[in-house]
Every structure is written in C-alpha cells, then in structure tokens.
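A.B. asks: quick one, fold the following:
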Amino acid sequence: MALTVTDHRPIERAEEILTPKALAFVEELHNRFAGTRNELLKARVAKREEVARTGRLDFLPETKDIRDGDWKVAEAPPALRDRRVEMTGPASPAKMAINALNSGAKVWLADLEDASTPTWANVIDAILNLRDAAQGTLSYTSPEGKEYRLRTDAPLAVVVARPRGWHMTERHLLLDGEPTVGALVDFGLHFFHIAKQLLLNGHGPYYYLPKMESHLEARLWNDVFVFAQDYLGIPQGSIRATMLIETIPAAFEMDEFLYELRDHASGLNAGRWDYLFSIIKYFRDAGEEFVLPDRASVAMTAPFMRAYTELLVKTCHKRGAFAMGGMAAVIPNRRHPEVTAAAFEKVRADKTREANDGFDGSWVAHPDLVSTCQEVFDSVLGDRPNQLDKQRPEVNVTAEQLIDVASADGQVTEGGLRLNLYVAVAYTAVWLSGNGAVAIHNLMEDAATAEISRSQVWQQIRNKVVLADTGNTVTPELVERILREETERLRTEVGDEAFAKYYDPASRLIADICLSEDYTDFLTTPAYELVG
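C.D. replies: Below is the predicted model of the structure:
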C-alpha cells in the first residue's frame with residue numbers, strides 16, 4: 001500500500017510538494033528505517049526505567065574507546081564555518097521566514113519542530129517556503145499591502161532546517177494505515193525537493209537534529225543520510241548535521257554522537273531548555289534531591305549547567321566540531337523601552353559568557369537581537385570565523401557533576417507554581433491555534449518551556465513539595481485551584497471566543513497530564529490529537 005494523505009482540505013500549492021516521486025522517497029525512508037526507529041523508542045523507555053531504579057546515569061563503558069580515541073569529524077564546508085549568530089524560528093508563515101533570512105544572522109535555524117505546530121498546512125507551507133527561499137523566489141504581501149522580499153544588499157542567512165524529533169508521528173500521512181514518522185516526513189520532503197538546489201547555491205542540505213537520547217539514534221540518522229544521498233545521486237558528505245544535546249542521557253554520549261555522524265557532523269548545540277525538561281522527566285521519581293527550584297531561578301551559571309556546557313565545548317573542539325550556544329529567551333518589546341533595554345542587557349551577558357567559554361556562536365529568537373549577539377562574538381573572535389582552536393584541557397566533568405541538580409540555587413514557590421500553570425496553558429493554547437513560537441511576558445516560549453512548566457508541577461505533586469513563600473504543600477487539590485485561577489485570568493486576557501476554542505481545551509489538557517498518576521513523555525503528543 002502506498003502512502004495515503006488523510007487531510008484533503010485544500011492547501012495552496014500542496015501538489016508541488018506532495019508529488020508521486022517525493023512521496024515514493026518518503027515511503028522508501030519508512031520502509032528502510034521506521035522499524036529501527038520504533039525499536040530505539042522502546043530502548044528509551046527501558047533505559048529510563050533503569051535510571052529510575054538506580055537514580056544515576058554514567059558514561060557508557062562499552063564506548064570508552066571512542067571517547068579515548070584520536071579522531072575528528074569532517075571539516076566544515078565554507079558556508080558553515082562562521083556561525084557566530086543564529087536566528088531561530090518557524091519556516092511558516094512566509095513573512096517570518098523572510099524576516100529570518102534577512103535578519104543579518106549567519107545562520108537561520110528553520111524550525112519544523114518545537115517552534116512549529118505540525119498542522120498539515122504548516123508542514124507543507126514550511127517546505128514550500130524553504131524551497132522558494134533556495135530558489136530565490138520567496139515573497140509575501142500582507143493583507144494591508146506591505147511587501148516582504150529577500151534582501152539583495154547583503155547575504156541571506158544560511159538555512160539549517162530542524163525536522164521533528166524521532167518520537168513525533170505524522171497522522172496526516174499514513175503508510176499501511178499507520179501514522180508515519182514526523183522526522184522522516186520532514187527530512188524526506190525537504191531533502192528531496194531542496195538538497196540539489198542548496199548545493200547549486202554553494203550551501204547544502206544542513207540540519208539540526210533534536211531530542212536524541214542515544215548515539216544509536218544518531219547512527220540511525222547517519223544511515224538515513226547515506227541512503228538519501230545515494231538515492232538522489234549527490235556526493236556523500238553533502239549533508240551536515242548539528243545535534244542538539246538537549247536530553248540528559250545525550251550529555252553522557254557527546255563524543256559518541258559526533259563519532260556516529262562524523263562524516264556528516266557539524267557540531268553540537270546546548271539546547272538548554274529542553275535539557276532542563278529532560279532532567280526533570282528522567283529523574284521525576286528519583287527523590288527530592290532532583291526537584292529543581294522555580295524555572296525562572298535556574299540559571300546557566302548553576303554548577304550542573306556549567307558542567308554540561310563546558311563539557312560540550314571541550315568535546316566539540318577536541319573533535320573539530322562547532323559548539324553552539326543556547327537560546328536566550330528574553331525578547332525586546334518595541335512599545336516598552338525599559339523591557340527592551342533589560343532584554344539587550346540579559347542577552348549580552350548570556351552571550352558574553354558563552355563566547356568566553358569557547359562557544360563558536362549562539363542563538364537569538366528575535367531579529368533585533370542579532371546585532372547584540374554578533375557584537376559579543378565579534379569582540380572575542382575578531383577576524384577568526386570560529387574558535388575551534390580554543391581547547392579546554394582543564395575541563396574534567398564527572399557523571400556526578402552532570403546530575404548534581406541539588407547544586408541549583410533557588411526555591412520552589414507558589415509564585416513559580418502559578419507561573420508554570422499559566423505558561424503551560426497559554427503556550428498550549430497558542431500551539432493548538434497553529435503557532436508554535438509564542439511571546440509570553442517578554443519571553444519567547446516554545447514547546448520546551450511549556451514542557452518544563454508542566455513537568456515541574458507533576459514532579460512537585462509526587463514529592464509533596466512544600467512551597468517556600470506560603471508553606472503550602474503541593475497537592476492535586478492545590479494545583480487544581482491555582483489552575484482554575486490562572487485559566488480564569490487567561491479568559492479575561494484573551495476574550496471568550498479564543499478562550500472557548502483554544503484556552504479551555506488547553507487548560508483541560510494541562511490538568512489531565514499534571515494530575516495523572518502516569519507521566520506523559522511529551523506534551524505535544526496528546527496536544528497533537530487536538531489539532532485539526
């Protein structure tokens with residue numbers, strides 16, 4: 001049986017993407033690799049259960065030779081040697097894609113993952129926009145008549161696309177009646193339609209790979225890349241991938257990730273927010289010592305976060321790979337100068353720490369912050385495109401340091417609990433409306449921050465945490481009361497129509513997953529079932 005499209009609502013120009021040849025390629029990817037992906041997802045569950053029993057993680061003894069070995073990844077192509085500032089954001093709608101490409105950033109992380117709701121229209125539109133951008137034809141005219149065009153007075157950002165993680169499915173495209181793998185759909189459609197054009201442009205098919213938990217998952221991506229390049233008849237090594245180290249087990253396998261993809265690897269990224277989410281998820285039932293303080297008080301200067309980022313820089317540079325910094329979530333607000341000034345100050349401090357630590361570049365979530373990030377890295381790099389030469393031999397990180405959650409300063413407060421529930425509902429509601437990148441209280445939130453928020457609530461209930469500011473114990477009853485209050489606050493902020501359509505379903509979903517005895521691995525999995 002061939003692939004079947006289940007969503008037949010008209011999507012403009014969808015026929016340009018869902019061609020018989022493109023769908024045949026996606027089907028072949030599934031026939032070859034979906035089975036291995038399914039087994040690797042089962043292996044995740046088994047490993048997490050082992051950690052729950054033992055309360056610890058460690059470096060793998062069976063891969064010690066890789067960690068001790070003298071090897072490097074393939075040299076970066078010219079287009080990827082200078083990555084000092086990277087703009088992040090969804091590839092749909094076209095206006096946002098054009099603004100990102102025109103932002104002045106060296107790289108644009110074109111996000112089909114955490115900053116994008118995977119409606120079928122969004123998936124198709126993202127691929128169309130990326131193809132049009134590669135061909136130089138991407139444009140948009142707003143209903144008010146404002147035109148958006150790709151700039152010609154300066155280079156456009158180099159596109160690095162991020163497909164969905166291995167766990168996500170695509171229910172709008174079935175194979176033998178079963179949902180397909182979101183990662184293979186995103187990669188397959190993008191690679192089939194755009195890879196050759198990107199190579200003609202002097203760039204290439206470049207990817208960010210999210211949420212992996214094992215080097216075997218990186219090996220699967222490498223197998224996909226080797227097959228795909230042969231399938232299209234383009235040279236091996238044309239694909240380059242930057243892997244996000246945004247799960248706690250991945251932090252113990254950085255060398256192994258690079259080794260598995262060494263002919264296609266470009267670097268590693270410190271995906272800090274998902275990393276915090278993963279720590280909470282992994283150690284959610286391992287005792288009070290793994291309960292983090294309020295999300296807002298967990299800084300990158302916390303010892304366990306410093307251990308993670310310094311190990312990442314050391315590992316990358318030892319292997320000739322780029323170390324990419326994480327997202328500073330604060331964003332400017334053009335209507336409030338004091339908010340904007342604070343945002344610039346926080347971003348400058350965050351990027352200065354990363355640049356001095358040896359990172360080769362970092363992320364921003366808003367075009368107005370590109371110049372700030374660039375200035376910081378310019379001051380450290382000078383005329384050099386990167387600082388691969390900055391080795392960190394003095395860094396020696398232990399397993400204990402990576403999971404020393406108790407080293408984080410701060411407290412668990414009712415104010416933090418209230419904010420977690422507010423953000424979880426507000427973000428999920430906007431995600432259900434089809435937008436995966438949301439500004440909430442002058443912070444750019446994506447799925448990762450909502451995941452942290454609802455996971456902290458679940459963990460606090462299970463550990464009967466006592467709140468520092470009120471003395472109350474976190475119970476299901478307390479969470480239900482505060483959730484009702486925060487949901488009502490949102491009703492007054494957004495109006496009855498939007499509330500009934502998106503915020504009320506979001507609140508009920510957050511209640512279900514926070515109060516359930518069983519932990520939900522990903523918020524976006526049940527949320528996806530509510531998306532049209």
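A.B. asks: sec struct for the closest residue to Thr4 other than its chain neighbours, please.
C.D. replies: Once flanking residues are discounted, Thr4 sits nearest to Leu174: 4.6 Å by CB to CB, 6 or more residues apart in numbering. In short, each C-beta sits where N, CA and C put it, glycine included. Following DSSP: H, G, I helix; E, B strand; the rest coil, Leu174 is assigned to strand.
A.B. asks: over to Tyr208?
C.D. replies: From three-state DSSP, the assignment for Tyr208 is strand.
A.B. asks: could I get the pLDDT score of the closest residue to it other than its chain neighbours?
C.D. replies: In space, and not counting its chain neighbours, Tyr208 is closest to Arg162: 3.9 Å by CB to CB, 6+ apart. pLDDT for Arg162: 98.
A.B. asks: which stretches of the stretch 101-250 of the chain form strands?
C.D. replies: 107-111, 139-141, 147-149, 158-162, 169-175, 178-181, 206-209, 240-244 (DSSP state E, counting those that start in this stretch).
A.B. asks: before we move on, back to that, need the contact list for the residue nearest to Tyr208.
C.D. replies: For Arg162, the contact set (CB atoms under 8 Å, 6 or more residues apart in numbering) comprises 109-113, 207-210.
A.B. asks: now do it against Pro367, distance only.
C.D. replies: Here the criterion is CB to CB, to the nearest Å. By it, Arg162 lies 18 Å from Pro367.
A.B. asks: related to what we said a few turns ago, buried deepest among the strands of the stretch 101-250 of the chain, which one?
C.D. replies: strand 107-111 (a mean of 27; mean count of other CB atoms under 10 Å).
A.B. asks: burial check on Thr301, number of neighbours?
C.D. replies: Neighbourhood size, Thr301 [other CB atoms under 10 Å]: 11.
A.B. asks: and stretch 331-338, how far from the chain's centre?
C.D. replies: The chain centroid and the centroid of stretch 331-338 are separated by 25 Å under CA atoms, centre = their mean, to the nearest Å.
A.B. asks: check which element follows the helix or strand encompassing Glu39 along the chain.
C.D. replies: Using DSSP states H and E, Glu39 maps to helix 20-54. Using DSSP H and E, the helix or strand that follows helix 20-54 in sequence is helix 64-68.
A.B. asks: ok now that following helix, how far from the chain's centre?
C.D. replies: The chain centre lies 28 Å from the centre of helix 64-68; the measure is CA atoms, centre = their mean.
A.B. asks: again, but for stretch 122-130
C.D. replies: 18 Å.
A.B. asks: repeat that for stretch 313-326.
C.D. replies: Offset of stretch 313-326 from its chain centre (CA atoms, centre = their mean): 18 Å.
A.B. asks: can you tell me how far Ala228 sits from Glu15?
C.D. replies: Look at Ala228 and Glu15: by CB to CB, they are 23 Å apart.
A.B. asks: those two: which is more packed in?
C.D. replies: A side-by-side neighbour count of Ala228 and Glu15, using other CB under 10 Å, places Ala228 first with 21 against 9.
A.B. asks: where in the stretch 51-200 of the chain is pLDDT low?
C.D. replies: Residue ranges of the stretch 51-200 of the chain with pLDDT under 70: none are present.
A.B. asks: wait, doesn't Thr470 sit right on Gly416?
C.D. replies: No: between Thr470 and Gly416 there is no contact under CB atoms under 8 Å: 11.1 Å.
A.B. asks: those two: which is more packed in?
C.D. replies: Using other CB under 10 Å as the criterion, Thr470 and Gly416 rank with Gly416 on top: 24 against 12.
A.B. asks: helix or strand right after the helix or strand harbouring the more buried one?
C.D. replies: According to DSSP H and E, Gly416 maps onto helix 414-432. The C-terminal neighbour of helix 414-432 among helices and strands, as given by DSSP H and E, is strand 438-440.
A.B. asks: so what's the most centrally placed residue in the chain up against?
C.D. replies: Residue closest to the mean C-alpha point of the chain, counted by CA atoms, centre = their mean, is Asp114 at 5.2 Å. For Asp114, the contacting residues are 210, 274, 436, 446-448, by CB under 8 Å, 6+ apart.
A.B. asks: quick check: phi and psi on it?
C.D. replies: Backbone dihedrals for Asp114, given as degrees, to the nearest 10, come out at phi -70, psi -20.
A.B. asks: just Pro77 next, same as before
C.D. replies: Torsion angles, degrees, to the nearest 10, at Pro77: phi -70, psi 160.
A.B. asks: burial check on Asn129, number of neighbours?
C.D. replies: Neighbour count for Asn129, taken as other CB under 10 Å: 23.
A.B. asks: and the residue lying closest to it once chain neighbours are set aside, how many residues sit next to it?
C.D. replies: Among residues not flanking Asn129 along the chain, Ala97 sits closest, at 4.5 Å (CB to CB, 6+ apart). As a burial measure, Ala97 scores 27 neighbours (other CB under 10 Å).
A.B. asks: kindly report the same for the one 4 residues further on.
C.D. replies: Burial of Leu101 is recorded as 23 neighbouring residues (other CB under 10 Å).
A.B. asks: how near is it to Leu109?
C.D. replies: Taking CB to CB, one finds Leu101 at 12 Å from Leu109.
A.B. asks: which residue is the nearest non-sequential neighbour of Val107?
C.D. replies: Spatially, and ignoring its direct neighbours in sequence, Val107 is nearest to Glu86 (4.1 Å; CB to CB, 6+ apart).
A.B. asks: which strands or helices does the helix or strand in which that neighbour is found pack on?
C.D. replies: Per DSSP H and E: Glu86 is located in strand 85-90. The contact analysis (3 or more CB pairs under 8 Å, 6 or more residues apart in numbering; DSSP states H and E) places strand 85-90 against helix 94-101, strand 107-111, strand 361-364, helix 370-381.
A.B. asks: low-scoring stretches of this protein, by residue?
C.D. replies: Residue ranges of the chain with pLDDT under 70: 1.
A.B. asks: for Pro337, grab the count of nearby residues.
C.D. replies: When counting by other CB under 10 Å, one arrives at 10 neighbours for Pro337.
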